[in-house]
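Trainee: only geometry, no sequence info:
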Ligand code: 2AM
Ligand code: CA
Ligand code: CA
């Protein structure tokens, strides 16, 4: 099977897991959850979606290993590895905010060669494979053309483990609030990245993330003409826990702000 065929099949898998999550969201009730135990129900939906994904991916490329958030399968010493977050944006899901996604990537070594993100409630399936450009529901997408921070919208995540640098990070975010069209906190790293890819936002940054949060989305940004680095401009953004994604044109300005207001603090 070639990468194009694999990507098509992975889109089907993401949509299937997404349909399961969408169905579960209809029965979702915070009071009921508290009785059952908050984490149990969430992990039931996350794990249920992951089981669907893992079973189907294993049939598409049987020789590939897995890195998955819920640990349904873990086997990351193969030449090819599936990197899976079955539900990215769990806090949104729990609170009934309809922005969450299924994220699936295929890596060759540490290089991502296929990425699919399905934003469940908008029914938007983003996909890319090595060298082919990015699509949303089959149509080509491109990053935006804006080159100035003053004409840009920036998305950022707030770290759950701030590494003792939350004050510096908030100063950086304050700079973006004051000098751009605005700042957004969408709550799903996978969706943030796809919004850079399709031009809804010009830049996105977050730290203390895991590979399964960003692997698929990072390829989708790059194949849509964007740029993705770690906070220092390097390549360690899948496993390194820091990600800066942009439409390329804005990257320098974002990197400069990060360096001056965060890294040097
Ligand atoms: P998740 O929904 O799969 O947990 C939002 O800032 C991003 O951070 C999401 O992609 C989210 O992925 C991730 N994240 C990491 N740690 C988290 C936590 N403790 N609670 C919620 N989201 C977390
Ligand atoms: Ca995640
Ligand atoms: Ca998750």
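Mentor: It's in. These numbers come from a predicted model, not from an experiment. Ligands and ions are numbered 1, 2, ... in the order given.
Trainee: nearest spatial neighbour of residue 234, skipping sequence neighbours?
Mentor: Residue nearest to residue 234 in three dimensions, not counting chain neighbours: residue 240, with 7.8 Å by CB to CB, 6 or more residues apart in numbering. Any C-beta I mention is one placed from the backbone N, CA and C, and that applies to glycine too.
Trainee: the one you found: how many residues sit nearby?
Mentor: The number of residues packed near residue 240 is 17, by other CB atoms under 10 Å.
Trainee: the helices in the stretch 151-265 of the chain, which residues?
Mentor: Secondary structure of the stretch 151-265 of the chain (DSSP state H, counting those that start in this stretch): helices at 166-179, 189-197, 211-223, 251-258.
Trainee: and of these, who's closest to ligand 3?
Mentor: helix 211-223 (7.2 Å; CB to the ion).
Trainee: got the angle for that closest one vs helix 189-197?
Mentor: Counting by axes from the mean of the first three to the mean of the last three CA atoms, to 10 degrees, helix 211-223 lies at 10 degrees to helix 189-197.
Trainee: how about helix 211-223: buried residues?
Mentor: For helix 211-223, burial by neighbour count (16 or more other CB atoms under 10 Å) applies to 211-223.
Trainee: do that helix and ligand 3 meet?
Mentor: No: using CB under 5 Å from the ion, no contact is recorded between helix 211-223 and ligand 3, whose separation bottoms out at 7.2 Å.
Trainee: from now on call the first residue 258
Mentor: I'll keep to 258 as the first residue from here, and by that count the last item is helix 468-480.
Trainee: anything in that helix near ligand 2?
Mentor: Yes: contact of helix 468-480 with ligand 2 (CB under 5 Å from the ion) involves residue 470.
Trainee: ok, and the closest non-adjacent residue to residue 356?
Mentor: Here the residue nearest residue 356, using CB to CB, 6+ apart, is residue 349, at 5.1 Å.
Trainee: hey, where'd the strands end up in the stretch 308-457 of the chain?
Mentor: Under the criterion DSSP state E, counting those that start in this stretch, strands of the stretch 308-457 of the chain are mapped to 322-325, 337-345, 358-365, 368-376, 381-386, 391-393, 396-398, 410-413, 439-441.
Trainee: quick one: which of those strands is nearest residue 404?
Mentor: Proximity to residue 404 (CB to CB) singles out strand 410-413 among the strands of the stretch 308-457 of the chain, at 13.6 Å.
Trainee: can you tell me the strand partners of that closest one and which way each runs?
Mentor: Partner strands and pairing direction for strand 410-413 (DSSP bridges) are strand 439-441 (parallel), strand 460-464 (parallel).
Trainee: right, and these - which one's nearest ligand 1?
Mentor: Within those, the stretch nearest ligand 1 is strand 460-464; the backing value is 5.8 Å (CB to the nearest ligand atom).
Trainee: would you check how far apart the residue lying closest to residue 492 once chain neighbours are set aside and residue 413 are?
Mentor: The spatial neighbour of residue 492 that comes closest, neighbours along the chain excluded (CB to CB, 6+ apart), is residue 486 at 7.0 Å. Going from residue 486 to residue 413 by CB to CB, to the nearest Å gives 15 Å.
Trainee: re earlier: out of the helices of the stretch 408-522 of the chain, deepest packed?
Mentor: Of these, the one with the most neighbours on average (mean count of other CB atoms under 10 Å) is helix 446-454, at a mean of 30.
Trainee: any residue of it up close to ligand 1?
Mentor: Yes: using CB under 6 Å from any ligand atom, helix 446-454 reaches ligand 1 at residue 446.
Trainee: that helix near ligand 3 anywhere?
Mentor: No: applying CB under 5 Å from the ion, one finds helix 446-454 separated from ligand 3 by no less than 9.0 Å.
Trainee: cheers, nothing more for now.
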